[in-house]
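Colleague: Predicted coordinates and the sequence they were generated for:
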Amino acid sequence: MTSAEDRYRAAVSTMEAAAREQDEQRGLRERRLAEAQQQAREGMQKELAAAQKYAEHMDELNKRKQSAGGWATEKTLADKSRESLMEFGVHDEEADTGYTNYPTPSYGTPAAAVPPRPEPAPEPPAAAPEPPRRGRHARQPDDEDDFSSTSWLV
């Protein structure tokens, strides 16, 4: 009977191992689900904050438009302050323009305190411009009243 008992114990241990593996896989699935839900929740909160900021900005623009009598002009819709702008990171357009940003002097600063701007380098003289090339079938400028090539039967 030992062989039957051994087969029974082997089958029981195999079933217990399969049950353990299923429990571990279920736990892993539940952990991944919880992480995915947390990431989705955080992403939605960020999107909600951006949407609220956008809605506030649009409300402000609408108030300005209504206070201007319904006219949506550039001056009406211009931002009154930089805080009302929605900024998402570094502005690449402004980052590397090739121009040096000089400080703007205030009105109370004497002119001697402001450093003079450097003179721009003179550009090399340009070669004589070529006269514009005309197409092969271009009309001559002096024949404005010449309608001989016009088909009047169309």
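Modeller: Yes, it's here.
Colleague: who does the longest helix anywhere in the chain touch, helix- and strand-wise?
Modeller: Identified as the longest helix of the chain according to DSSP state H is helix 2-67. Counting contacts by 3 or more CB pairs under 8 Å, 6 or more residues apart in numbering; DSSP states H and E, helix 2-67 packs against helix 74-77. In short, each C-beta sits where N, CA and C put it, glycine included.
Colleague: Now the helix it packs on: average pLDDT?
Modeller: When pLDDT is averaged along helix 74-77, the result is 70.
Colleague: avg pLDDT for the longest helix of the chain?
Modeller: 94.
Colleague: Could you report the neighbour count for His57?
Modeller: Neighbour count of His57, defined by other CB atoms under 10 Å: 14.
Colleague: and it, how far is that from Lys46?
Modeller: Applying CB to CB, to the nearest Å, the value for His57 to Lys46 is 17 Å.
Colleague: next one: Gln66
Modeller: Taken as CB to CB, the span from Gln66 to Lys46 is 31 Å.
Colleague: Averaged pLDDT, stretch 131-149. What do you get?
Modeller: The pLDDT scores in stretch 131-149 average 69.
Colleague: ugh, wrong one, I meant stretch 120-128
Modeller: Mean predicted confidence for stretch 120-128 is 76.
Colleague: Can you classify Thr150 by secondary structure?
Modeller: What DSSP: H, G, I helix; E, B strand; the rest coil gives for Thr150 is coil.
Colleague: how about it, what does it touch?
Modeller: Listed by CB atoms under 8 Å, 6 or more residues apart in numbering, Thr150 has no contact partners.
Colleague: let's have the chain start at 43 instead
Modeller: Sounds good: first residue 43 from here, last item Thr192.
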